[in-house]
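> Below are the sequence and a predicted model; questions follow.
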2 protein chains.
Amino acid sequence: MRRDRESGTNPKAFQDRLPHNHCYGCGPDNPKGLRLKSYWSADDQSVARFTPEAWHCAGPQHFVNGGLIATLIDCHCVCTAAAAAYRDAGREIGEPPDFYYATAKLELEYQRPTPIDAELELTARILARTERTYVLSCELGARGKTCVSARIEAIRVPESWVHAAPA
Amino acid sequence: MRRDRESGTNPKAFQDRLPHNHCYGCGPDNPKGLRLKSYWSADDQSVARFTPEAWHCAGPQHFVNGGLIATLIDCHCVCTAAAAAYRDAGREIGEPPDFYYATAKLELEYQRPTPIDAELELTARILARTERTYVLSCELGARGKTCVSARIEAIRVPESWVHAAPA
């Protein structure tokens, strides 16, 4: 995969370079959000880490809520898609003109319960791309064991989405 | 579908009758959670309503975060599965012995952005059941339009999950 000017070595997270990001899951502009941070890894995947809070639990207090997990995976993968779009265009993340991606499909398999008293590790890989979409796989694990695996389709959306709701 | 003693007319939400529910998405015992409430509808589906807060936004502030949507759908459907299990066993929800369900698969299709300045409406339907699983479909909409459709597989888990993390 081309690296071009997006070198993979920029120490700032994808989310801190993508414009207009108020997202509950990963926006630096959202004071009440989860503020997930994603980065390229040396092996051309993307990685993120997250330490859950006690109130992020499932029904049982020692497991992480499945929706919280979906939120982390969704944000990690959509931001990876956007980062890849900049990279594939030969530009640094956030270098105009802007790219915006949204989730079209998200498929999650919960393989085992995710412990809440551990740092969660997310790893995503780009499986395919078309002009407007990226397809990614993602795994979320804890203590070296995969807990959830996912597949996501991220689709490029127009900049108008950022500024006003469509009719 | 059998109604038996679980009459469908109990005014208390599923989540307020299911035992040991600390869930971030719907647990009445979670002071920082979303506290979703689900009920049977007259046409044998289950329904829930949720009004998002401003910080539940996606990257753009006028749309709801996709992970928050996944959380609502997950909780609504898993609690519907548990409610159905009690109903199919001829017992009121929460009448011992307890049933516990967890999400095994969650598939979401985001058809259009979900406005944040609207009450969200969730409707779930049971598609199939086996001895240990329920398969459900779910739609989340706002202002009469479906924004997200989903399919979920909920699997019965042992009571031991409630009390201690498995090895």
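All right, it came through fine. Residues are numbered from 1 along each chain as shown, chains lettered A, B, ... in the order given.
> Can you check which strand is longest in chain A?
strand A:145-156 (DSSP state E).
> any bit of it sitting next to chain B?
No: using Cβ under 8 Å from any Cβ of the partner chain, we find that strand A:145-156 stays clear of chain B, coming within 8.9 Å at best. Placement of C-beta: from N, CA and C, glycine included.
> Remind me what the helix ranked longest in chain A packs against, helices and strands.
Criterion DSSP state H: the longest helix present in chain A is helix A:66-88. For helix A:66-88, the packing partners by 3 or more Cβ pairs under 8 Å, 6 or more residues apart in numbering or on different chains; DSSP states H and E come out as strand A:38-40, strand A:46-50, strand A:101-110, strand A:120-129, strand A:133-142, strand A:145-156, helix B:66-88, strand B:101-110.
> mind running it again at 6 Å?
Applying 3 or more Cβ pairs under 6 Å, 6 or more residues apart in numbering or on different chains; DSSP states H and E, we find helix A:66-88 packed against strand A:46-50, strand A:101-110, strand A:120-129, strand A:133-142, strand A:145-156, helix B:66-88.
> circling back: the longest strand of chain A pairs with which strands, and in what direction?
strand A:101-110 (antiparallel), strand A:133-142 (antiparallel) (DSSP bridges).
> now that strand: how far from the chain's centre is it?
Distance of strand A:145-156 from the chain centroid (Cα atoms, centre = their mean, to the nearest Å) equals 9 Å.
> Export it to PDB, keeping only CA atoms.
The C-alpha atoms that make up strand A:145-156 are tabulated as PDB, following Å, rounded to 0.1, in the frame of the first residue of the first chain:
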ATOM      1  CA  LYS A 145      -7.100 -12.600  23.600                       C
ATOM      2  CA  THR A 146      -9.400 -11.500  20.900                       C
ATOM      3  CA  CYS A 147     -12.800 -10.800  22.400                       C
ATOM      4  CA  VAL A 148     -14.700  -9.300  19.400                       C
ATOM      5  CA  SER A 149     -14.000  -9.400  15.700                       C
ATOM      6  CA  ALA A 150     -15.700  -7.000  13.200                       C
ATOM      7  CA  ARG A 151     -16.100  -6.100   9.600                       C
ATOM      8  CA  ILE A 152     -17.000  -2.600   8.600                       C
ATOM      9  CA  GLU A 153     -17.800  -0.700   5.400                       C
ATOM     10  CA  ALA A 154     -17.000   3.000   5.500                       C
ATOM     11  CA  ILE A 155     -18.400   5.200   2.700                       C
ATOM     12  CA  ARG A 156     -17.200   8.700   1.700                       C
END
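> Give me the angle between it and helix A:66-88.
50 degrees (axes from the mean of the first three to the mean of the last three Cα atoms, to 10 degrees).
> So which residues make contact with strand A:145-156?
Contacts with strand A:145-156, where a contact means Cβ atoms under 6 Å, 6 or more residues apart in numbering or on different chains, come from A:69, A:73, A:77-78, A:81, A:101, A:103-110, A:112, A:114, A:132-141.
> Report the buried members of the residues you listed.
Those of the contacts of strand A:145-156 that meet the buried threshold are A:69, A:73, A:77-78, A:81, A:101, A:103-104, A:106-110, A:114, A:134-141, by 16 or more other Cβ atoms under 10 Å in any protein chain shown.
> just to revisit the earlier point, now the helices and strands packed on helix A:66-88 in TSV, with distance to B:E53?
Formatted as TSV, the helices and strands packed on helix A:66-88 follow (distance: least, Cβ to Cβ, whole Å):
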stretch	distance to B:E53
strand A:46-50	21
strand A:101-110	20
strand A:120-129	24
strand A:133-142	25
strand A:145-156	25
helix B:66-88	9
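> what about the ones you listed, which gets the closest to A:P19?
With Cβ to Cβ as the measure, strand A:101-110 is the member of the helices and strands packed on helix A:66-88 nearest A:P19 (12.3 Å).
> Export that closest one to PDB, keeping only CA atoms.
The C-alpha atoms that make up strand A:101-110 are tabulated as PDB, following Å, rounded to 0.1, in the frame of the first residue of the first chain:
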ATOM      1  CA  TYR A 101     -16.300   9.000   5.900                       C
ATOM      2  CA  ALA A 102     -19.300   7.500   7.600                       C
ATOM      3  CA  THR A 103     -20.200   3.900   8.500                       C
ATOM      4  CA  ALA A 104     -22.500   2.100   6.100                       C
ATOM      5  CA  LYS A 105     -22.300  -1.400   7.600                       C
ATOM      6  CA  LEU A 106     -20.900  -2.700  10.900                       C
ATOM      7  CA  GLU A 107     -20.900  -6.400  11.600                       C
ATOM      8  CA  LEU A 108     -19.700  -7.600  15.000                       C
ATOM      9  CA  GLU A 109     -19.000 -11.100  16.400                       C
ATOM     10  CA  TYR A 110     -18.700 -11.200  20.200                       C
END
